[in-house]
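[1] here's my sequence, what's the structure:
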Amino acid sequence: MKKLAVIAGFVVLLILAVPLSNFFIGSPVGTALTVRGPADPLFAKVAAVLEVKCLNCHSGETRLPLYASLPVVGGLIKADIEKGRRALDMMKALLPADGGPVSEVVLARLEQTAFKDNMPPGRYLALHWDGGMDDDDRARILDWVRDVRIRFYAPAGLPDAVRAQVIQPLPEPARLDARKVSLGKRLFHDTRLSRDDTLSCASCHALNKGGTDQSRFSTGIDGQIGGINAPTVYNAVFHVRQFWDGRAADLAEQAGGPVNNPIEMGSDWPQVVGKLKQDVSLEHEFESIYGQGVGAANIADAIAVFEKSLVTPDSPFDRFLKGDEGALDDEQKQGYLLFLEHDCATCHVGKAMGGQSFELMGRKADYFKDRGNPTEADQGLFNFTKKPDDMHRFKVPSLRNIALTFPYLHDGTATDLTQVVGIMSKYQVRPELSKQEIRLVVRFLESLTGEYQGKPLK
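    Numbering: from 1, shown residues only. This is a model prediction of the structure:
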C-alpha cells in the first residue's frame, strides 16, 4: 500500500511538473508589441494583456517549454502554434506595416474573443494556469476596440453607441469632383475601352444588376468566358484592395485590369488612348479637367472617381442600425442575431460588411476537395503574393446588396442565398446552421439592399 502511494505521488508530481514548469518559462514579455506599440494609453493596457495571454500561440515569439523537445508532444505543440499564427499573427495584426490603425477584422475578432471568452482553448489553459483573461482584461480589450472603431472607421454624425458597433451604417457618398464623376460614368459605359468596341466596364458590372452581370463567369471579347465571378462595383470604395485576389491596390489600378486582360476587354492603354483621342470633345473635356489630354492615368482616375460615387446607403438594415426598430421584421432581427452569434461579423465587418480582409475558404472543412475540378482561380491571394499561407484565401465579399449579386462565391457555384449561406455554414462556421436558421439569415441578408442616388436598387 505504501509503495502504491509513493508511485501515485510520483505520478501526480510528474503531471503537475508540466503546468508548473510553464510558470518558470512564462510568456513573451517586452516584445515589439509593448516596446514599439502606438503611444496610446488604451492600447498599452491591451498590449500588456495580449503579450502575456496570446503571443505564445499567435506570433513568432513563442517560448517553448522543455517538454516541447519530445517528438510527439513537440509536434503537437508546434502544429497548434502554427495554426494559431495562421489564424491571427498578432504582431502583424496589431502593428500594421503601414503604421495605420488596426484593421476592422482584427478588432472584431478580439471583441468576439473577449465577449465569448473562448480563448485560450481549454487544452492550453490546462497547462498554463495563468493563461486565462479576467473581467478587467476583457474590459480593456472591449474599450480599446470601440475607441479605435469610433476614431478611424465609423461614419461621422451618429451616436457613439452606433459607431462602436462591429457593423455600421453606410454613409452617403463622399464629396467628389462632379466633373470627374460625370466623365468617369461616360468612360465606364464606353465600349471603346475594348479592342473591338463591343464591351464596356458596365458589361460585367451593370448598375441595374447590383453592379454585376448576374452570371457565373463573364463573357469577354470574342465570346471568351472568364474563370472567376465578377464582384460588384457598388461600395467597392470601402475595400482594402480590389479583385478577389487583391492584385489591385485601389480602384484606379483595378480599372486597368480588364482593359489589358486578353480574355476580358482584350485591349491595352495605347490602343484605348489612341481611339479616345480621336474624339475631339472628349479630348477637350480631359484637358479642362486634368490640364492635359486623354491618357491612361487620367482615364483610370476618372473611372475610379465615378466608382467612388457608387455607394448605396439607406437599406432597411441601415435604418435599423440608426434606431428605426420597425425597419426590420422579427425574422430579419432573428437572422441578424444568428449572424452575430455564429461570428459571421468577424469577417463581414464595417460599413461594407466585407472587403476588409482575405480569408481562407474552407476553415472548417475542405471546400475544394469536396467541390472538385480545381482551377488556377481557386488559389486566390496566392496568385498575387506567391506566399504558401495565402493559398485559397480570397477577399471577403461585401454583403451589401447581396440579394442582387448572384451567383455567389469566387467560382459562382452558389445560385441563391439559401445555397451560399448553407455553404458558409458548412465550411466556415461551427456549429452548422439548421434549415430554419439558414432561412432566417437569408431574410436578414435581404434587408441589406440599399439605394443608389435616392432610389432603391432592384
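[2] which non-adjacent residue is nearest the residue most central in space within the chain?
    Geometric centre of the chain, nearest residue: residue 357, 3.0 Å, by Cα atoms, centre = their mean. Counting by Cβ to Cβ, 6 or more residues apart in numbering, residue 357 lies nearest to residue 105, which is 4.2 Å off, once chain neighbours are set aside. All C-beta spots, glycine's among them, are computed from the backbone N, C-alpha and C.
[3] so the one you found sits in a helix?
    Yes. Counting by DSSP: H, G, I helix; E, B strand; the rest coil, residue 105 is found in a helix.
[4] quick one: contacts for it?
    Going by Cβ atoms under 8 Å, 6 or more residues apart in numbering, residue 105 touches 346-347, 349, 356-357, 396.
[5] pLDDT score for it?
    As summarised for this prediction, residue 105 has a pLDDT of 96.
[6] ok so, going back, would you list the contacts of residue 105 in TSV and tack on pLDDT?
    Shown next, in TSV, are the contacts of residue 105 (pLDDT from 0 to 100):
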residue	pLDDT
346	95
347	96
349	97
356	97
357	96
396	98
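[7] who wins on neighbours among those?
    Neighbour counts for those (other Cβ atoms under 10 Å) peak at residue 349, which has 28 neighbours.
[8] that one against residue 167, yeah?
    Yes. When contacts are counted by Cβ atoms under 8 Å, residue 349 is listed as touching residue 167 (6.5 Å).
[9] gap between residue 269 and residue 277?
    12 Å (Cβ to Cβ, to the nearest Å).
[10] what is the burial count for residue 225?
    For residue 225, the neighbour count with other Cβ under 10 Å is 11.
[11] my read: it touches residue 213, true?
    No. If you go by Cβ under 8 Å, residue 225 and residue 213 don't touch, sitting 11.7 Å apart.
[12] chain center to stretch 286-297: distance?
    Computed by Cα atoms, centre = their mean, to the nearest Å, the chain-centroid distance of stretch 286-297 equals 35 Å.
[13] residue 366 is in contact with residue 426, correct?
    No. Counting by Cβ under 8 Å, residue 426 sits too far from residue 366 to count as a contact (10.8 Å).
[14] which one's more surrounded, those two?
    When residue 426 and residue 366 are compared on other Cβ under 10 Å, the one with more neighbours turns out to be residue 426, at 16 against 11.
[15] check which helix or strand covers that one.
    If you go by DSSP states H and E, residue 426 is part of helix 417-427.
[16] which neighbouring elements make contact with that helix?
    Here helix 417-427 touches helix 435-445, going by 3 or more Cβ pairs under 8 Å, 6 or more residues apart in numbering; DSSP states H and E.
[17] now do the contacts for the residue nearest to the centre of the chain.
    103, 105, 240, 347, 395-396.
[18] redo those residues as TSV? Include distance to residue 194.
    Below are the contacts of residue 357 laid out as TSV (distance: Cβ to Cβ, whole Å):
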residue	distance to residue 194
103	36
105	36
240	28
347	34
395	25
396	30
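[19] okay, now the closest residue to residue 179 other than its chain neighbours: neighbour count?
    Counting by Cβ to Cβ, 6+ apart, residue 179 lies nearest to residue 289, which is 5.1 Å off, once chain neighbours are set aside. Residue 289 has 16 neighbours, counted by other Cβ under 10 Å.
[20] for residue 280, see how far away residue 289 is.
    From residue 289 to residue 280 the distance is 15 Å (Cβ to Cβ).
[21] now swap in residue 142 and tell me
    Distance, residue 142 to residue 280, using Cβ to Cβ: 61 Å.
[22] between these two, who's got more neighbours?
    residue 142 (16 against 8).
[23] residues in contact with the more buried one?
    For residue 142, the contacting residues are 111, 114-115, by Cβ under 8 Å, 6+ apart.
[24] at 7 Å instead, please
    Residues near residue 142 by Cβ atoms under 7 Å, 6 or more residues apart in numbering: 111, 114.
[25] quick check: phi and psi on it?
    Dihedral pair for residue 142: phi -60, psi -40, per degrees, to the nearest 10.
[26] secondary structure of residue 377: a helix, I assume?
    Yes. Judged by three-state DSSP, residue 377 forms part of a helix.
[27] surely it is in contact with residue 409?
    No. Using Cβ atoms under 7 Å, residue 377 makes no contact with residue 409, being 10.8 Å away.
[28] more neighbours, those two?
    Ranked by neighbour count (other Cβ under 10 Å), residue 377 and residue 409 place residue 409 first, with 20 against 17.
[29] need the phi and psi values for that one.
    Note on residue 409: backbone dihedrals following degrees, to the nearest 10 are phi 80, psi 160.
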